[in-house]
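**Student:** need the 3D shape of this:
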Amino acid sequence: MDAPSQHTLAVPGATLYYEVRGAGPLLLLIPGGNGDAGTFDGIAERLADRYRVVSYDRRGFTRSPLDGPPDDRVVTDGLDAAALLTHLTDQPAHVLGSSSGAIVALELLRARPELVRTLVAHEPPLATLLPDAEKWLTFLDCIHQQSRSEGTSAAMAAFAKGIGLRIAPPPPGGQLPPQAVDMVRRIQRNLVFWMEHELRQYPRYTPDLAALRASADRLVLGVGRESRGTFPALPNAALAKELGLDLVEFAGDHVGYRSAPDEFAARLDSILTRDDR
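**Tutor:** Numbers count the residues shown, from 1 in each chain. Predicted structure coming up:
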């Protein structure tokens with residue numbers, strides 16, 4: 001598989017790094033809490049024969065430096081996604097956002113629906129939609145405090161346990177290819193930024209239900225097969241009920257695009273091409 005082309009785009013307050021693979025209808029991939037384009041490498045490579053796949057580092061993460069202090073606002077991330085789309089195409093595009101990236105994607109759909117052809121929101125952690133929202137928001141506040149007092153690793157372990165997220169063990173002997181080692185290092189650095197500027201803030205975002213209802217014909221709410229009954233799947237279940245939509249199942253859990261890229265990519269392709277049949 002050919003390496004992706006690498007680019008940057010200046011936006012207010014930051015410079016966005018993005019990668020492009022393949023040719024065809026544009027598919028923008030918006031990463032979650034680690035904020036790094038590389039998290040989607042597995043599915044991007046599998047979809048590049050059918051789509052022009054664009055993945056990027058969200059502002060403040062890895063190779064997308066800020067020009068000033070972060071503002072911790074979902075709206076700003078949504079503006080960045082819109083800037084990428086208007087820079088790259090004059091046609092409505094497919095969009096996949098996962099986790100925090102799904103919250104950004106929903107904000108994009110609210111603010112700029114004309115830019116979106118199909119939007120797949122995979123497990124957005126929208127705690128505000130849940131009847132026990134305060135319990136979850138308090139939990140996230142506690143994780144943030146733990147990250148400051150005990151460090152990111154301890155806080156991340158407690159976070160994963162609390163939301164039902166399984167962290168895959170390293171390969172036997174701890175052997176990883178150089179590309180994977182680099183990715184792990186980037187994720188570890190990004191977790192510090194995420195814990196401080198996103199962990200508490202983004203789950204407090206309140207989606208505009210009226211705007212989403214108006215665009216429900218292009219909105220897909222995805223959950224991982226192995227996420228059922230855990231926190232990552234609960235907000236989309238609540239959102240689906242509010243909007244009268246069905247939940248769409250994907251392979252794996254909260255990071256199925258990494259753990260089961262073949263099946264995840266095939267499922268995504270079937271969704272994006274459903275109107276072509």
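**Student:** for this structure, where's the lowest mean pLDDT among helices and strands?
**Tutor:** None of the helices or strands of the chain scores lower by mean pLDDT, DSSP states H and E than helix 178-197, at a mean of 83.
**Student:** quick one: pLDDT of the nearest residue to residue 51 once chain neighbours are set aside?
**Tutor:** In this structure, residue 51 finds its nearest non-sequential neighbour in residue 27, 4.2 Å apart by C-beta to C-beta, 6 or more residues apart in numbering. Any C-beta I mention is one placed from the backbone N, CA and C, and that applies to glycine too. For residue 27, the pLDDT comes out at 99.
**Student:** beta partners of residue 27?
**Tutor:** residue 53, residue 94 (DSSP bridges).
**Student:** residue 106: neighbour count?
**Tutor:** 27 (other C-beta atoms under 10 Å).
**Student:** isn't it right up against residue 125?
**Tutor:** No - in this structure, residue 106 is not within contact of residue 125 by C-beta atoms under 8 Å, at 11.5 Å.
**Student:** can you pull the buried residues of the least confident helix or strand of the chain?
**Tutor:** 183, 186-187, 190-191, 193-197 (16 or more other C-beta atoms under 10 Å).
**Student:** rebuild those as JSON lines, extending it with distance to residue 90.
**Tutor:** Converted to JSON lines, the buried residues of helix 178-197 look like this (distance: C-beta to C-beta, whole Å):
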{"residue": "183", "distance to residue 90": "33"}
{"residue": "186", "distance to residue 90": "32"}
{"residue": "187", "distance to residue 90": "34"}
{"residue": "190", "distance to residue 90": "32"}
{"residue": "191", "distance to residue 90": "37"}
{"residue": "193", "distance to residue 90": "33"}
{"residue": "194", "distance to residue 90": "33"}
{"residue": "195", "distance to residue 90": "38"}
{"residue": "196", "distance to residue 90": "37"}
{"residue": "197", "distance to residue 90": "33"}
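**Student:** which of these sits closest to residue 240?
**Tutor:** residue 194 (26.1 Å; C-beta to C-beta).
**Student:** so that closest one touches residue 58, yeah?
**Tutor:** No - look at residue 194 against residue 58 with C-beta under 8 Å: they stay out of range, at 9.8 Å.
**Student:** list residues touching both of those two?
**Tutor:** Common neighbours of residue 194 and residue 58 (criterion: C-beta atoms under 8 Å, 6 or more residues apart in numbering): residue 35.
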